[in-house]
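Peer 1: predicted model follows, preceded by the sequence.
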Amino acid sequence: MSNKKKIAILLGDPSGIGPEIVSKLLCEKIVDKANIVVIGEKKILEDGENISGKKGDFKFVSNAKDIIFDDKTKYFLDISRGTNRTYKYGKVSAESGASVLEAMDEAMNLVNNKKIDAVNFGPMNKTSLIMGGCPYNDEHDYFQKKLKMKDFCCEFNVIDNFWTARVTSHIPIKEVPNHVKKENILKPIKLINEAMKLNGIKTPRVAVQALNPHAEFGTEEKEEIIPAIEEAKKIGIDADGPLPCDTSFITAYKNKNHDCIVGMYHDALQSGLKAFGFDKGVTVQGGLPVPITTPAHGTAFDIAGKNKANLEATLNSFKIALTMAENKIDNDKNKRN
């Protein structure tokens, strides 16, 4: 029986840099540590290979039932099915979104049927995805619905193995204080603590951001954030804070005092994260039954088709997917023993 983990890799938006950087990824040696199935349209793969100058060796199939992992063969699940779509680089389009959505559907079917251990996808465009027929707000919402998740899920962002999680995400700033409650803060603290353990950190040091300037000008720190931190400590989590937002990344990331940080709202985390590592960041979909990762930089329409895209973030995202899949399976075995 194979010991290699089974990972699905999606090409991403065909109008962006996804196909060209995925074609580069597939020629990296680390990919050989897993059983691979690439999902997408054959022509999109070929276009990406022509741009990057990198060509992989695949067994092409049109039905997931024909995938039989053997530790050697890289599969390509071709979802073309006679379609004749056209894609233009650097353009938002329903056609691009539909192609991405079909690949995601195939990947989620494999997850639900327990055929793969992780998913790693090239960057996609949310507007194209919705134009292409996705009925959900974004890919994170899509994954939760397709995998029938009822427990708390959230998006993690990662640079240099430093992780972030947030209490709120894509909501107006005026609504954020209404969500800053002890129970809502505790959920991402617990989730990121478990996720980092899967990524190889035995006792994660979890920083928690404040909401208000200098952690002083308001009541949320005293009434909600500090009680959540104290509750986390009671259940064995090494939690610390609240840290003022304006210096939190200096304290936690740059000075290496923490392994991860939980924030109250989107920009409090994303601003620091992208300032320190825009080109190498990774997004991890947290709380799902398998690791799902992607580079955090987006589709980069302005350089699509020019072979200028940096591989680092995509390579990092694959490494995290592989590590988490390996550790999750080991943890599952330990729980059964």
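Peer 2: Right, received. Where do you want to start? As the structure is a computational prediction, the values presented were derived from the model and not from experiment.
Peer 1: contacts, neighbours, all on C-alpha from now
Peer 2: Fine.
Peer 1: could you chop the chain up by domain?
Peer 2: 1-149+288-337, 153-285 (automatic domain parsing).
Peer 1: need those domains in CSV with mean neighbour count and mean pLDDT, can you?
Peer 2: Converted to CSV, these look like this (neighbours: other Cα atoms under 10 Å; pLDDT from 0 to 100):
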stretch, mean neighbour count, mean pLDDT
domain 1-149+288-337, 19, 92
domain 153-285, 19, 94
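Peer 1: in a strand, T203, correct?
Peer 2: No - counting by DSSP: H, G, I helix; E, B strand; the rest coil, one finds T203 to be coil, located in no strand.
Peer 1: who's in contact with it?
Peer 2: For T203, the contacting residues are N193, K197, I237, D238, by Cα atoms under 8 Å, 6 or more residues apart in numbering.
Peer 1: ok, now K274?
Peer 2: G281.
Peer 1: check the offset of the helix or strand hosting it from the chain's centre.
Peer 2: Element membership of K274, judged by DSSP states H and E, is helix 266-277. Offset of helix 266-277 from its chain centre (Cα atoms, centre = their mean, to the nearest Å): 16 Å.
Peer 1: so I36 is in which element?
Peer 2: Counting by DSSP H and E, I36 is part of strand 34-40.
Peer 1: wait, L77
Peer 2: Counting by DSSP H and E, L77 is part of strand 75-78.
Peer 1: now the helix or strand following that strand against strand 34-40, angle please.
Peer 2: Note on strand 75-78: by DSSP H and E, the next helix or strand toward the C-terminus is helix 94-112. If you take axes from the mean of the first three to the mean of the last three Cα atoms, to 10 degrees, helix 94-112 sits at 150 degrees to strand 34-40.
Peer 1: please enumerate residues in contact with helix 94-112?
Peer 2: For helix 94-112, the external contacting residues (Cα under 8 Å, 6+ apart) are 8, 10-15, 39-41, 64, 79, 85-87, 116-119, 124-125, 127-134, 143, 146-147, 290.
Peer 1: quick one: end-to-end distance for stretch 260-271.
Peer 2: Distance between the boundary residues of stretch 260-271 (Cα to Cα, to the nearest Å) amounts to 15 Å.
Peer 1: repeat that for stretch 175-184.
Peer 2: End-to-end for stretch 175-184, by Cα to Cα: 14 Å.
Peer 1: repeat that for stretch 166-178.
Peer 2: 14 Å.
Peer 1: follow-up on the earlier one: neighbouring strands for the strand holding I36, and are they parallel or not?
Peer 2: Paired with strand 34-40 in the same sheet, following DSSP bridges, are strand 5-10 (parallel), strand 75-78 (parallel).
Peer 1: nice, that's everything, thank you.
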